[in-house]
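**Student:** using only what follows, build the 3D model:
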Amino acid sequence: MTFSNLRLVRQLLDDAHERFTPQNLIADYPVICFAPEITACPICGNRLKVKKTKTDRLAFTLHIGGFRVRETWLGCDSCDNRRIYRSGELRRLFPEKGNFGFDVIAHIGRRLFLGNRTITETKSELSALNVPISDSEVGFLGEKFIAYLTIAHRRAASRLREMMRHNGGYMLHIDATCEGGGPLLLTGVDAISSTVLWNSKIPTEKAVHVTPFLRQINDLYGRPLLVVMDMSNGFENAVREVFGQDMNILICHFHFLRDIGKDLLGKEYDLIRNRLRKHGAGSKLRYRIRPMRTLVDENPKLVDNLTSQAAVRESLTRDELESMPTLIAYSLVQWALAGKSDGSAYGFPFDRPHMEFALRIRDAHREIEELKKAFNGNSLNSMRPLLKTAGSMRKIIDDKVLWRAVEGIKKKIDVFDKLRKAMRIAPCDGERGLNDGGGDEPIGKIEERVGKFRYYVLKDRKLSNTIEFKKMLRQIDKYWQSLFAAPVTVDTPSGRISIQPQRTNNIMEQFFRRLKRDHRRRTGDNSMARRLKTMNSNMPLVKNIENKQYMDILLDGKKSIEEVFAEIDAEEVRKEMNCSSEEQEKIPTRVKKMIKSKNFLKQMLKSVRIMTK
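**Tutor:** Numbering: from 1, shown residues only. As a prediction, the model looks like this:
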């Protein structure tokens with residue numbers, strides 16, 4: 001078969017595929033009839049009469065695509081029964097007055113929030129299933145999915161509470177995330193069952209905003225065994241107010257260490273970062289090596305010689321020897337720049353990339369000064385890349401303020417890393433990042449090691465007389481009881497059991513990180529600030545769908561989540577969606593237009609003067 005024949009066959013197959021799509025097979029949408037399952041009046045027994053027949057509704061499901069609904073309403077004329085009977089089957093397929101079935105809503109919710117598909121990708125998938133839909137409708141039905149799930153979750157609270165009772169209770173982890181000055185998304189998770197319990201958007205972590213959130217959790221699930229949180233005073237005050245002054249509050253070890261590290265290292269680290277930024281260190285070095293890239297790409301043999309432990313000067317030709325300083329300068333700069341991304345995915349103060357960047361620049365500059373002697377026989381022209389690279393580093397090397405800060409932070413880093421080691425949190429050689437939960441070591445041993453660390457700091461007068469280390473010791477003493485909690489003994493239907501609380505709130509950190517990653521996948525936007533302002537606060541409940549135990553409780557014997565949604569009244573969903581929209585601060589259009597004006601203050605003052613005359 002010739003190539004032209006193959007192209008013809010391919011074209012015929014493509015044409016056939018296009019011709020036999022559901023949209024083209026059915027010239028017009030078919031009419032499907034729906035009538036009440038009941039035909040006789042339950043009061044008098046007489047046959048029900050037709051009261052209305054409607055054929056004006058275009059509907060779409062995943063099963064057959066689009067069709068027109070013809071619905072017959074029945075009523076009784078023989079007695080005082082004024083009830084109008086409608087199709088139960090139709091009600092199980094569609095929300096009241098809805099054009100898209102529950103299966104379409106569930107499909108959109110899963111694809112957007114679990115499959116991390118974009119709106120455009122979801123729209124294309126539905127179009128292939130003969131469900132034509134607009135981008136805005138996909139977004140709207142995604143929000144509707146969250147509203148249905150929120151209501152279903154609230155209705156399942158008593159069953160979830162029973163599940164927790166069988167587990168011996170629940171351990172409440174609370175944390176909040178924010179982006180770019182937007183609202184905070186406050187979330188509560190049960191660490192035992194890994195269930196997202198409730199969510200709320202709040203402007204700040206003050207107790208007045210956190211208290212209603214905790215009251216909602218208390219109403220739904222009762223009092224927790226304990227609460228794990230960061231060191232927010234607002235969180236603590238709210239927890240004491242809602243759950244009682246005797247509530248066992250544990251401090252997340254990761255948050256504790258992070259706050260101590262920020263206080264201890266923050267001043268010098270900020271200075272290091274700002275000095276590097278002032279010198280334009282990264283941009284200058286990238287600019288310096290840009291013209292070197294071509295030579296490196298065109299001479300792979302040079303790279304082999306540089307990386308080989310057996311490389312000797314005699315193995316290089318004269319031209320290769322002349323090019324070697326360029327390759328070395330390029331490699332040293334790339335190594336220094338890689339320091340900016342050095343770390344174990346813990347974030348500052350556990351990872352200190354700017355510090356590492358500065359140290360690598362200093363080491364690279366020292367190596368270049370040594371290499372000048374090694375390449376003494378090279379021409380001045382071949383040495384120029386090496387000399388210019390050293391020149392780009394000169395102002396950084398001569399910055400006494402920068403290096404005083406580096407030397408000042410080194411001792412503090414050494415002490416801080418000793419505390420990390422004692423607490424077995426965010427280990428220096430760790431590779432799991434925020435997935436590290438601190439291991440299963442007995443809490444008593446950790447407490448003993450931290451006690452020894454505290455004694456080590458106290459006996460070193462240079463440390464214990466320093467303001468930063470005094471503050472560190474006060475923090476350790478203040479939160480000692482909340483850091484080292486013994487296992488909790490609880491009664492369950494199976495007998496008494498002991499539960500060891502998780503030492504970190506990393507379950508929340510992981511949760512928020514995944515939430516942001518999923519948002520980036522769907523939108524391509526690194527910042528969730530705008531999304532946090534507009535989304536339904538209970539969107540994180542979607543993560544529970546991946547929890548089999550949770551889904552068994554939510555379905556309560558039903559086959560699918562669509563059946564659960566079908567039992568929820570459409571008016572209740574509308575109220576839930578309205579409540580979500582009311583969480584957003586709405587600025588009137590006229591006010592928005594007014595405050596954008598460059599002459600806003602002058603115009604406003606002029607209007608005030610006129611009104612107050």
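
**Student:** so who does Glu37 touch?
**Tutor:** Listed by C-beta atoms under 8 Å, 6 or more residues apart in numbering, the contact set of Glu37 reads 87-89. C-beta coordinates here come from the backbone N, C-alpha and C atoms, glycine included.

**Student:** can you redo the residues you listed as JSON lines with pLDDT and neighbour count?
**Tutor:** Listed next are these as JSON lines, based on pLDDT from 0 to 100; neighbours: other C-beta atoms under 10 Å:
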{"residue": "Ser87", "pLDDT": "90", "neighbour count": "19"}
{"residue": "Gly88", "pLDDT": "89", "neighbour count": "14"}
{"residue": "Glu89", "pLDDT": "90", "neighbour count": "12"}
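
**Student:** Ala426 touches Tyr346, doesn't it?
**Tutor:** Yes - counting by C-beta atoms under 8 Å, Ala426 touches Tyr346, with 4.8 Å between them.

**Student:** neighbour count winner among those two?
**Tutor:** Between Ala426 and Tyr346, counted using other C-beta atoms under 10 Å, Ala426 has the larger neighbour count: 28 against 23.

**Student:** hey, where'd the strands end up in this protein?
**Tutor:** For the chain, strands defined by DSSP state E occupy the ranges 31-34, 49-61, 65-75, 171-177, 184-190, 195-202, 226-229, 249-251, 488-492, 495-499.

**Student:** do you know which of those lies nearest Leu541?
**Tutor:** In this view, those are compared for proximity to Leu541 by C-beta to C-beta, and strand 195-202 is the closest at 5.5 Å.

**Student:** quick one, that closest one and strand 184-190 angle?
**Tutor:** Angle of strand 195-202 versus strand 184-190, following axes from the mean of the first three to the mean of the last three C-alpha atoms, to 10 degrees, is 160 degrees.

**Student:** quick one: average confidence on strand 195-202?
**Tutor:** For strand 195-202, mean pLDDT rounds to 91.

**Student:** starting at the chain centroid, how far to the helix of greatest length in the chain?
**Tutor:** As assigned by DSSP state H, the longest helix anywhere in the chain is helix 253-279. With C-alpha atoms, centre = their mean, to the nearest Å as the basis, helix 253-279 stands 24 Å off its chain's centre.

**Student:** what residues of that helix count as buried?
**Tutor:** Residues of helix 253-279 classed as buried: 253-261, 264-265, 268-269, 271-273, 275-276, 279 (neighbour count, 16 or more other C-beta atoms under 10 Å).

**Student:** next, the angle from that helix to strand 171-177.
**Tutor:** Using the same axes, to 10 degrees: helix 253-279 against strand 171-177 is 20 degrees.

**Student:** check contacts around Ala40.
**Tutor:** 46-48.

**Student:** what ranges does the stretch 451-600 of the chain have for its helices?
**Tutor:** Taking DSSP state H, counting those that start in this stretch as the test, the helices found in the stretch 451-600 of the chain are 461-464, 467-478, 480-483, 506-523, 529-534, 548-555, 561-566, 570-582, 589-596, 600-612.

**Student:** meant to ask about the stretch 201-350 of the chain, not that
**Tutor:** Using DSSP H, counting those that start in this stretch, the helices of the stretch 201-350 of the chain run over residues 207-221, 233-243, 253-279, 281-289, 293-298, 300-307, 318-338.

**Student:** quick one: which of the ones you listed is nearest Glu567?
**Tutor:** Glu567 lies closest to helix 207-221 among the helices of the stretch 201-350 of the chain, at 19.0 Å (C-beta to C-beta).

**Student:** ok, back up a step: output the contacting helices and strands for the longest helix of the chain.
**Tutor:** Where contact means 3 or more C-beta pairs under 8 Å, 6 or more residues apart in numbering; DSSP states H and E, helix 253-279 is packed against helix 353-374, helix 380-397, helix 400-423, helix 467-478.

**Student:** check the ones you listed for me: which has the lowest mean pLDDT.
**Tutor:** Looking at the helices and strands packed on helix 253-279, the lowest mean pLDDT belongs to helix 380-397 (a mean of 84).

**Student:** which outside residues touch that one?
**Tutor:** Helix 380-397 has contacts (C-beta under 8 Å, 6+ apart) with 275-276, 279, 281, 284-285, 288-289, 292, 322-323, 325-326, 328-330, 332-333, 358, 361-362, 364-365, 368-369, 371-372, 375, 402.

**Student:** which residues touch Ile476?
**Tutor:** Contact analysis of Ile476 by C-beta under 8 Å, 6+ apart lists 260, 450, 454.

**Student:** TSV for those, including pLDDT?
**Tutor:** What follows is the contacts of Ile476, written out as TSV (pLDDT from 0 to 100):
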residue	pLDDT
Ile260	93
Val450	93
Arg454	93
